[in-house]
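Student: model this:
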Amino acid sequence: MPEISASAIPLIIGVAGHRDILPEAREKLEKEVRGILRQFREDYPATPLVILSALAFGADRLVVRVAIEMEIGFLVPLPWAWEDRPDPVPHGGGEAGLREMEELLAKARRVIVMPPTAQTAEERWELVGTYVARHSQILIALWDGDKHHDTGTCRVIGWHRDGRASPFSAGPGLLDRPERGPVYHVVTPHRASRLGPDEVRTHPPDFGGPAGHAFNAEKYFRSIWTSFNRYNVLASKASPGALEASKCQLLPAGAHDLLTRPQHKLLTFYARADLAARDQQACTRRVLIGLFLIAFGAFVVIEIYAHLCARLPLLAFYLASVTGAVSLYWWSRRCFHQEGYLDYRALSEALRVALFWDCAGIKESVADHYLRQFRSELDWIRHAARNCVLVSGAHCAVSSPDTLAEARLTIVKEHWIADQKSYFEGRANRRHRIHECLELTRAVLFWIGIVFASLVLAEHYFCQHVNHYLLVGVFGAAVLAAMLTEWNEKNGYGIDARRYQAAYVLYETACRRLGELDQTSDISQLITELGIEALSENADWVIQHRHRPIGMPNI
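Tutor: So this is what the prediction gives:
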C-alpha cells in the first residue's frame with residue numbers, strides 16, 4: 001500500500017458502526033462504503049483519503065478492508081499499546097478476530113495509543129470514540145439508525161456532530177463554537193435489529209449545521225474540502241530543491257539530524273505550505289503592480305486625449321486598458337491568489353508552532369488555539385493543521401527518556417524564538433521605512449500639484465491662456481499621490497510596521513525571560529504561551545489583510 005503523501009494534506013474519514021453486522025449484508029455494505037470513498041476521490045482528486053478506525057470487530061474492519069482494496073491508508077487509535085493489551089481483548093472478536101486484527105495492524109500507517117487517563121476497558125474505548133469523532137472531517141456510520149439505545153455508535157455520532165473534546169487536545173472552551181462534521185449514514189442490519197440485508201442503503205449525508213453559520217452547511221463543508229484540494233494541487237508542484245531550501249531556512253541542515261521522524265514530517269509539511277504561500281504572494285504582488293500600472297497608464301492616455309491630442313486610437317487604448325485591468329482582477333480572484341497567499345502563510349505559521357512545540361516536548365494542539373472564535377472559510381486551516389499533526393504522529397509519540405531533548409530545546413530557543421525576534425525587528429524597520437517614504441513622496445507630489453495648479457492659474461490670469469501640459473501635470477501629480485496612498489493602504493505598511501514591532505517585543509521578552517528561568521516546567525509554560533500568542537497574532541494579521549482585498553485602485 002502506498003505511503004501517505006508527504007506533499008498533500010489528507011481528508012480524515014472516521015468510522016463508527018455496529019460490531020455484530022449481519023454476514024449476509026457485508027457485500028452490500030462494502031459496495032456502499034466503496035461508493036462513498038470513490039465519490040470523494042472523484043470530487044477531490046489531489047487530496048488523499050485516510051481512514052481513522054479503531055479496528056473493532058464488525059463495521060470498523062469492514063471499512064478498513066475496503067480501504068485496503070482501494071489502496072487508501074488508515075490510522076488505528078487503540079485504547080492501549082498492542083503489546084499491553086488485556087486478555088481477552090474487548091471487542092476483539094475472539095481468537096480469529098485477534099489474528100485478523102494483527103494482520104490489519106501490520107498494514108496500518110500508525111497505531112495511536114490513547115493516554116492512560118481512563119481505568120476500565122469501556123472508558124478506554126470511549127476515549128478512542130471521542131478521538132475518532134474529534135479528528136475526522138467526515139464520519140462513515142454503519143448504523144441501523146436507532147437513536148433510542150445508548151450504544152457506542154450513537155455516542156460517537158453524537159460527539160462528531162457536537163464537537164466533543166478528545167485525548168491529545170485541550171478541547172473547546174466554554175465560549176468556543178463546536179467543530180462539527182457531516183455523517184454518511186449507511187443503514188446497517190445487525191443481529192439485534194429487525195432490518196434485513198435488503199435494507200442496506202446510504203442516506204444523503206447529514207451535514208447538520210455549524211453553530212453560528214447562517215449559510216448552507218453543505219456549502220460550508222465542501223468549501224473546506226475544496227480548499228484542501230486547491231492547496232494540494234499547488235503544493236505538489238514544489239521542486240525538491242526548493243523544498244529543501246525552505247526547510248533549511250527554518251532550520252539549518254545540521255539541526256535536521258536532531259529531529260524525530262514525526263518532526264521531520266512536520267518540517268516537510270511546513271516547507272510545502274511556505275513554498276505555496278510564497279508562490280501565491282508573488283502572484284498577488286504581480287497582479288497588484290499590474291493593476292496599478294494599467295490604471296496609471298489609462299489615466300495618462302485619457303488625459304492626453306482630453307487635453308493634448310484627441311485621437312481615436314488613444315480612446316480605444318484607454319478602453320482596452322480598463323478592460324484588461326478588469327480581466328486581470330477577475331482572473332486573480334478566480335485563481336484565489338490573495339486568499340491563497342494569506343491562507344497558506346497562516347497554515348505555515350501554525351505548522352511552525354506545532355513543530356517547535358513538539359521539539360520542546362509540548363503536546364498542545366495548534367488547532368485548538370488558532371482562530372478559535374472566528375468560524376468561516378478559514379476553518380480549513382485549522383483542520384489542515386490538525387491533520388498534518390495527526391498523520392505525522394507528532395502528538396502521539398510515546399514519552400520516554402530522550403537524550404536529545406536538551407538539544408531540541410536549544411533549537412527552539414535559537415531557531416524559533418531568537419530567529420523570529422530578529423525577523424520581526426527587521427521587518428518592522430523595513431515596513432516603517434517604506435511607509436515613511438511613501439508618505440513623504442505623496443506629500444511632495446501633492447505640493448507639486450499645488451505648484452502646477454498655481455502656475456496654470458497665473459498663466460490663465462495674466463496671459464488669458466491655459467497651458468495644457470501644466471494641466472496634465474496637475475492631474476498627474478494628484479493621481480500619483482492618490483495611487484501611492486492606495487498602494488500604502490493595500491499593502492498595509494504602516495499597520496504592519498506597528499504589528500511587527502509588537503511581535504518583536506513579544507519575542508524579545510521571551511528571549512529575556514528564557515534566560516531567567518531554570519525550571520523545565522516554567523520554560524514549557526513560557527513556550528506554550530508564546531506559541532498561543534504567535535498564533536493569535538498571525539490570525540489577526542490574516543483577518544486584517546483579508547479585509548483589504550486586491551481591487552482596482554480607488555483613484
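
Student: Now the helix or strand of the chain with the lowest mean pLDDT - C-alpha only, PDB.
Tutor: Least confident helix or strand, the chain: helix 152-162 with a mean of 79, by mean pLDDT, DSSP states H and E. Taking C-alpha atoms only, helix 152-162 is exported to PDB below (Å, rounded to 0.1, in the frame of the first residue of the first chain):
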ATOM      1  CA  GLY A 152     -21.200   3.300  21.400                       C
ATOM      2  CA  THR A 153     -22.000   4.100  17.700                       C
ATOM      3  CA  CYS A 154     -24.700   6.600  18.800                       C
ATOM      4  CA  ARG A 155     -22.300   8.300  21.100                       C
ATOM      5  CA  VAL A 156     -19.500   8.600  18.500                       C
ATOM      6  CA  ILE A 157     -22.000  10.100  16.000                       C
ATOM      7  CA  GLY A 158     -23.200  12.500  18.700                       C
ATOM      8  CA  TRP A 159     -19.700  13.500  19.600                       C
ATOM      9  CA  HIS A 160     -18.900  14.100  15.900                       C
ATOM     10  CA  ARG A 161     -22.000  16.300  15.500                       C
ATOM     11  CA  ASP A 162     -21.500  18.200  18.800                       C
END
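
Student: so what secondary structure elements neighbour it?
Tutor: With contacts taken as 3 or more Cβ pairs under 8 Å, 6 or more residues apart in numbering; DSSP states H and E, helix 152-162 sits against strand 11-17, helix 121-135, strand 138-143, strand 183-187. In short, each C-beta sits where N, CA and C put it, glycine included.

Student: Can you pull the phi and psi angles for the nearest residue to residue 288 once chain neighbours are set aside?
Tutor: Residue nearest to residue 288 in three dimensions, not counting chain neighbours: residue 550, with 5.8 Å by Cβ to Cβ, 6 or more residues apart in numbering. Main-chain dihedrals, residue 550, degrees, to the nearest 10: phi -60, psi 140.

Student: tell me the contacts of residue 271?
Tutor: 238, 243-244, 246-247, 250 (Cβ atoms under 8 Å, 6 or more residues apart in numbering).

Student: and the nearest residue to residue 468 once chain neighbours are set aside, what is it in contact with?
Tutor: Nearest non-adjacent residue to residue 468, counting by Cβ to Cβ, 6+ apart: residue 307, 4.1 Å away. Contacts for residue 307 (Cβ under 8 Å, 6+ apart) come out as 468, 471-472.

Student: which of those residues tops the neighbour count?
Tutor: Neighbour counts for those (other Cβ atoms under 10 Å) peak at residue 471, which has 20 neighbours.

Student: I'd assumed residue 482 was in contact with residue 446.
Tutor: No. Between residue 446 and residue 482 there is no contact under Cβ atoms under 8 Å: 9.5 Å.

Student: tell me the SS of residue 77?
Tutor: The assignment at residue 77 comes out as strand when based on DSSP: H, G, I helix; E, B strand; the rest coil.

Student: distance of it from residue 551?
Tutor: 47 Å (Cβ to Cβ, to the nearest Å).

Student: Also residue 437?
Tutor: From residue 437 to residue 551 the distance is 23 Å (Cβ to Cβ).

Student: Please, where are all the strands along this structure?
Tutor: Ranges of strands in the chain, per DSSP state E, are 11-17, 49-52, 73-78, 110-113, 138-143, 183-187, 201-202.

Student: For the least confident helix or strand of the chain, what is the distance to the chain centroid?
Tutor: Helix 152-162 has its C-alpha centroid displaced from the chain centroid by 25 Å (Cα atoms, centre = their mean, to the nearest Å).

Student: dump the residue contacts of residue 545.
Tutor: With Cβ under 8 Å, 6+ apart, residue 545 has these contacts: 338, 342, 492.

Student: wouldn't the first one be in contact with residue 286 here?
Tutor: No. Between residue 338 and residue 286 no contact is recorded; they are 11.6 Å apart, counting by Cβ under 8 Å.

Student: Who has more neighbours out of these two?
Tutor: residue 338 (23 against 13).

Student: Contacts only, for the more buried one.
Tutor: By Cβ under 8 Å, 6+ apart, the contact list for residue 338 reads 280, 284, 332, 545, 549-550.

Student: Of the residues you listed, which pair is most distant in space?
Tutor: The two members of the contacts of residue 338 with the most space between them (Cβ to Cβ) are 332 and 545, at 14.8 Å.
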